[in-house]
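Novice: Just need the structure, nothing else, for what follows:
(chains A and B)
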Amino acid sequence: MEKVISAKLYFTVWAILMCLTAATAALSYVNMGALSPVVALLIATVKGSLVVLFFMHAKYIDVKTTVLVIVAGFFWLSILLLMTMTDYITRAWS
Amino acid sequence: MATASAITAEREHYLNADYGFRSWLLTTDHKRIALLYLITITFFFFVGGFFALLIRLELLTPQGDLVQADTYNKLFSMHGQVMIFFFLLPAVPAVLGNFLVPMMIGAKDLAFPRINLLSWYLFIIGGGLMLYTMLTGGVDTGWTFYVPLSTAYLGTHVVLAAVSIFIAGFSSILTGLNFIVTIHRMRAPGMTWGRMPLFLWSNYATSIIQVLGTPVLAITLALVGLERMFHLGVFNPQLGGDPLLFQHLFWFYSHPAVYIMILPGMGVVSEIIPCFSRKRVFGYEFVALASIGIAVLGFLVWAHHMFVAGISVYSAMVFSFFSYLVAVPSAIKVFNWTATMYKGKIYYSTPMLYAMGFIGLFTMGGMTGLFLASLGVDVHVTDTYFIVAHFHYIMVGGMVMAYLAGMHFWWPKITGRMYPESWGKLAAMTIFIGFNLTFFPQFILGWTGMPRRYHAYTPEFQVLNVLSTAGSTVLAVGYLLPMVYFLWSLRYGKEAGDNPWGAAGLEWKTASPPPTYNFEETPVVTWEAYNYDDLPKEVPVVG
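Specialist: Numbering: from 1, shown residues only, chains lettered A, B, ... in the order given. A predicted model of the protein is given here:
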């Protein structure tokens, strides 16, 4: 059976997400050079992980097929990123 | 016969279980939802077909006389968007898949019947918005929404069209999700993965693509809309964006979308060929796994749409390699269907004619696809009519033939009535001839250099264009014929009986039309799929 999660936890996660969004917006005004996209993506990754773990209940499941679905989703995302990068990192003209 | 009629008239089934608009618009019965989809996509098919005829009529002469460039741009854009997003993508999964997936696995309905109805409503909202877009001036981005054209230069309803496709995309995701869960969780006792009909394997593979690919399109179109309205600078180079990023994201979905369209069609053909050859399908496991192979490899080939767009040549080589590779599972299927027919007792009934047409036309579409996987040849033919001919051989010659094959094969199950076989055969022949007359000249046109997406052309291309336009009128007649005799058969067609083709699937073991919950009692499967060796060699109903 799926674990029942308290509303308090949901609101806490939501508050953290809002804070991280504010942090992303604030940091966009700070010039960190090449680090800017890295920091923004890092925050986005943390936010995405929070959504998957708490709002999508991935933290509380032990059904193998659900785990498989999550792994497959990330595998497909890695296809998108890696295959796109084969273009970006080997362009002669950029 | 009179007794049989009386029994059918009295028996309750999904069509007469309830009456009135409300019973249809609030239904959660997968079979009724399939019919709702059937009506909707048939409407859009004729809308898209109308645009196609206008395009062909304009191209009858070299100069722009029927419409000028701006209108022509809108015609081919809306033809593409309507046909792809509102006909081809939902055709087999949402109509035949909805009707058949639960029946083929011996279930009462899909796993989420209400979500199934929701997916139709989303489709209707998306389709309504697309109609509104068309009626208030249209859109002229092509079906591909390429940036920065769509985000910075055009004054047409780009955002509205993108939103309509965004919404219809969620309908597609929900259908895919429903099929995956249903096939995993609701198979009847004994219906193992190894006994599943190949139609289900194909739809399962399709569903994987729908669930994993469609969100990327949704995000990409959302970014196009946001960039157009708020000048985000994701894609527009003037704002620091990268237009090739759009193409990467767009084709990451839109090439696999080709497989969303063709895989279910392959599933239909895999049902029909064994039935009318009276043989078990040759190499069942290979055909089944080829579907999964296509779904996975189909995600690794997208940049072959971008070979001339300025991507890295090293990257292009990788994508070229995978584009060749994805032909392997498709070829496995074609060879196995052919081997199934070898030494079979073949009946040339209407569904079989369509299925054989599919094999021939899909093979031509697939083989010319290999031309385009080749880096050098692709440069020569990119943006010519060769491309138009190639993908119409896959989409229309392949997919629409398969869809019609399926409609003819399962029409007796859906309605309980037979269509007139001789008219069916005539329509199949007309469509095959009309199709080739329309699109084969386009291969030659493209190869000799006629570019696509222009309303005018140089006079030396006229003869082939006249042939193509003539073919399109034959094709239009061919498509109208089934509309007429299917409707005729609803009232005047002979009663079909439960299994007029002597077919092997579970869906044929229940009444035609089926009862609301498909089976009187849950079936127990103890046999392999396509056990035609154990069934009579004669097809009960032969035209």
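Novice: pLDDT score for residue B:345?
Specialist: Residue B:345 carries a pLDDT value of 93.
Novice: Give the helix, strand or coil label for it.
Specialist: coil (DSSP: H, G, I helix; E, B strand; the rest coil).
Novice: now swap in residue B:477 and tell me
Specialist: helix.
Novice: any idea how far it is from chain A?
Specialist: Going from residue B:477 to chain A by C-beta to the nearest C-beta, to the nearest Å gives 43 Å. From N, CA and C alone the C-beta is placed, and that goes for glycine too.
Novice: got a list of what that residue touches?
Specialist: B:430, B:434 (C-beta atoms under 8 Å, 6 or more residues apart in numbering or on different chains).
Novice: what's the answer for residue B:370, then?
Specialist: Taking C-beta under 8 Å, 6+ apart, we find residue B:370 in contact with B:323, B:324, B:327.
Novice: Give me the buried subset of those.
Specialist: For the contacts of residue B:370, a burial check counting by 16 or more other C-beta atoms under 10 Å in any protein chain shown picks out B:323, B:327.
Novice: Can you tell me which of the contacts of residue B:370 is closest to chain A?
Specialist: residue B:323 (12.2 Å; C-beta to the nearest C-beta).
Novice: my guess is that closest one meets residue B:304, correct?
Specialist: Yes: assessed by C-beta atoms under 8 Å, residue B:323 is found in contact with residue B:304 at 4.6 Å.
Novice: What pLDDT is listed against residue 74?
Specialist: As the question left the chain open, I've gone with chain A. Reading off the model, residue A:74 has pLDDT 88.
Novice: sorry, should have said chain B
Specialist: 96.
Novice: ok, for residue B:293, nearest residue in space, not its chain neighbours?
Specialist: residue B:329 (3.8 Å; C-beta to C-beta, 6 or more residues apart in numbering or on different chains).
Novice: ok, so what distance separates the one you found from residue B:336?
Specialist: 11 Å (C-beta to C-beta, to the nearest Å).
Novice: thinking again about what came up before, any residues in contact with both of residue B:323 and residue B:304?
Specialist: In contact with both residue B:323 and residue B:304: B:372, B:373, using C-beta under 8 Å, 6+ apart.
Novice: doesn't residue B:233 make contact with residue B:242?
Specialist: No: the criterion here is C-beta under 8 Å, and residue B:242 misses it with residue B:233 at 9.8 Å.
Novice: What residue spans form the domains of chain A?
Specialist: Listed domain ranges for chain A are A:1-61, A:62-94 (source: automatic domain parsing).
Novice: Just put those in TSV and tack on distance to chain B and mean neighbour count.
Specialist: Output for the domains of chain A, formatted as TSV (distance: least, C-beta to the nearest C-beta, whole Å; neighbours: other C-beta atoms under 10 Å in any protein chain shown):
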stretch	distance to chain B	mean neighbour count
domain A:1-61	12	12
domain A:62-94	4	13
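Novice: And for the closest residue to residue B:68 other than its chain neighbours, the neighbour number?
Specialist: Once flanking residues are discounted, residue B:68 sits nearest to residue B:455: 6.8 Å by C-beta to C-beta, 6+ apart. Residue B:455: 20 surrounding residues under other C-beta atoms under 10 Å in any protein chain shown.
Novice: can you check residue B:158 too?
Specialist: By other C-beta under 10 Å, neighbour count at residue B:158 equals 24.
Novice: Scan the chain for its longest helix.
Specialist: No chain specified, so I'll use chain A. Criterion DSSP state H: the longest helix present in chain A is helix A:64-88.
Novice: that's the wrong chain, I meant chain B
Specialist: The residue-count maximum for a helix in chain B (DSSP H) belongs to helix B:243-277.
Novice: Run through the neighbouring helices and strands of that helix.
Specialist: helix A:64-88, helix B:89-90, helix B:198-230, helix B:284-297, helix B:327-341, helix B:350-373, helix B:401-415 (3 or more C-beta pairs under 8 Å, 6 or more residues apart in numbering or on different chains; DSSP states H and E).
Novice: how about a cut-off of 6 Å?
Specialist: Applying 3 or more C-beta pairs under 6 Å, 6 or more residues apart in numbering or on different chains; DSSP states H and E, one finds that helix B:243-277 makes contact with helix B:198-230, helix B:284-297, helix B:327-341, helix B:350-373, helix B:401-415.
Novice: most tightly surrounded among those?
Specialist: Each of the helices and strands packed on helix B:243-277 was scored by mean neighbour count; the highest is helix B:401-415, a mean of 25, by mean count of other C-beta atoms under 10 Å in any protein chain shown.
Novice: Quick check: mean pLDDT of it?
Specialist: 98.
Novice: and what of stretch B:136-148?
Specialist: For stretch B:136-148, mean pLDDT is 94.
Novice: try stretch B:239-256
Specialist: Taken as a whole, stretch B:239-256 has an average pLDDT of 95.
Novice: buried set for it?
Specialist: B:241-256.
Novice: now for those residues, which pair is the farthest apart?
Specialist: B:241 and B:256 (24.2 Å; C-beta to C-beta).
Novice: Which element, helix or strand, includes the closest residue to chain A within the stretch 51-200 of chain B?
Specialist: Taking C-beta to the nearest C-beta as the measure, the stretch 51-200 of chain B has residue B:184 as its residue closest to chain A, at 6.9 Å. Residue B:184 belongs to helix B:158-185 when assigned by DSSP states H and E.
Novice: which stretches of chain A aren't confidently modelled?
Specialist: Where chain A drops to pLDDT under 70, the residues are A:1-3, A:93-94.
Novice: Against chain A, how distant is residue B:251?
Specialist: Distance, residue B:251 to chain A, using C-beta to the nearest C-beta: 10 Å.
Novice: got a list of what that residue touches?
Specialist: Neighbouring residues of residue B:251 by C-beta atoms under 6 Å, 6 or more residues apart in numbering or on different chains: B:302, B:305.
Novice: Kindly recompute the last result at 10 Å.
Specialist: Residue B:251 makes contact with B:144, B:216-217, B:220, B:257, B:301-306, B:309, B:319, according to C-beta atoms under 10 Å, 6 or more residues apart in numbering or on different chains.
Novice: Residue B:342 too?
Specialist: So residue B:342 contacts B:277, B:279, B:282 (C-beta under 10 Å, 6+ apart).
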